[in-house]
Every structure is written in structure tokens, then in C-alpha cells.
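In: Quick one: sequence plus predicted model below, questions after.
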Amino acid sequence: MKQLKTLAIAFVLAVGTVSFANAQSKVAHINVQQLMEDMPEMKAARAELEKLEKQYSADLQSSGQELQNKIKLYESEAASKTEDENQKRAEEVQGMQNNIMQARQAAEQELQKKQMELIQPILEKAQAAIQKVGKAQGFQYVLDASPGSGILLADGKDIMADVKKELGF
């Protein structure tokens, strides 16, 4: 009877130990936002976006300056023009203002579209490297430790250096 009791206790302890070991999962973390910022591809994408943004800004500024010049001209000539001509000029100015607003919105949309087009492949490359490193090191979970991601404590292994090495920088 004593042997059966000892055997039962040993069995319970063995099952408990195995269950506890299985409950312990390997968890790592990485700041994906920082990883992407450090990637050379991201720096190139950012430079391309800044160049495009400057081009759109210059175009909009040129249109705005043209509008301001036309407004000044029309205001200075308003006294010598008929009411009908002044009304047509006001409509023309309003049309130009609307065109500039539409161009600004189109430029913002194009910038957002270009940003997604440039960043998506970079993100996919980063995720593939994270998965490869995580699997190679036997991690079951790799959490994103970027600010605002919901991770309150990142006490596991940080695989940033390993992923950078995988990416070649």
C-alpha cells in the first residue's frame, strides 16, 4: 500500500513537472519599429518620399504664389472694371483656390500611396527575418516591443541584433 501511494505521488509529480515544462514557452521580443528605422531600405524610401514631398510642395507653393499675384492684380484693377468683370474675376479666383485644394489633397493621397508602396516590401522583409531568427532559436512567440504595442514588460530575449545580422547590417 505504501508503494502504491509513493508511486501515485511520483506519477502526480511527474505529470505536474511535464505540464509545467510545456506551459513554459520560449518568448522573445523585438522593437519592429526601430528595426525598420535602422534598415538601409527604409532610409532610401524615406529619402524618396521626402524628394516627392518637396516636389509637390514646390508645385503647390508656385500655384499659391500665382493665385496671390492674380488676387493683388484683380484688387488693384477692381475700381476700373465693371461689376460683371469683377464677378467673373472673383469666380476665377475661387476656381483657382478650389484647384489648389484639390491638388493638395491629390498630393497627400499620392504620398500616402507611395509610402505604402515603399514600406510594404520592407515590412515583409523584416517580418521574414524575424520569423527565421525566431524559429532558428526555438522561440514559440516573438512579440513586437515597439512603443505603444501593448508590451508592458519585455524581459525575454531581445533578438534585434540577431535579426539585423540576418538582414546583413
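Out: Right, received. Where do you want to start?

In: Once you drop chain neighbours, what's closest to V142?
Out: G134 (4.3 Å; CB to CB, 6 or more residues apart in numbering). Where C-beta positions appear, they are placed from N, C-alpha and C, glycine not excepted.

In: Identify the residues contacting that neighbour.
Out: A28, V142, I159 (CB atoms under 8 Å, 6 or more residues apart in numbering).

In: For my notes, please list those residues in JSON lines and give distance to L67 and secondary structure for each entry.
Out: Formatted as JSON lines, the contacts of G134 follow (distance: CB to CB, whole Å; DSSP: H, G, I helix; E, B strand; the rest coil):
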{"residue": "A28", "distance to L67": "56", "secondary structure": "strand"}
{"residue": "V142", "distance to L67": "53", "secondary structure": "strand"}
{"residue": "I159", "distance to L67": "54", "secondary structure": "coil"}
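
In: Distance of the spatially most central residue of the chain relative to A58?
Out: Residue closest to the average C-alpha location in the chain (CA atoms, centre = their mean): I119, at 7.3 Å. Shown here: I119 relative to A58, a distance of 24 Å by CB to CB, to the nearest Å.

In: now swap in Q140 and tell me
Out: 51 Å.

In: Ok, F139 next?
Out: F139 is 48 Å from A58, by CB to CB.

In: neighbour count winner among the two?
Out: Per other CB atoms under 10 Å, whichever of F139 and A58 has more neighbours is F139, with 20 against 10.

In: in the chain, which spans are strands?
Out: 27-30, 141-144, 157-158 (DSSP state E).

In: Apart from its neighbours in sequence, what residue is nearest the residue nearest to the centre of the chain?
Out: In space, I119 is closest to A45, 6.3 Å off (CB to CB, 6+ apart).

In: Show the contacting residues for the one you found.
Out: Q115, L118, I119, I122.

In: could you redo the last one with a cut-off of 10 Å?
Out: Under the criterion of CB atoms under 10 Å, 6 or more residues apart in numbering, the neighbours of A45 are M36, M39, K114, Q115, E117, L118, I119, P121, I122.

In: Show the contacting residues for the third one.
Out: Looking back up the chat, that one is K114. By CB under 10 Å, 6+ apart, the contact set of K114 is A45, E48, L49, L52, E53.
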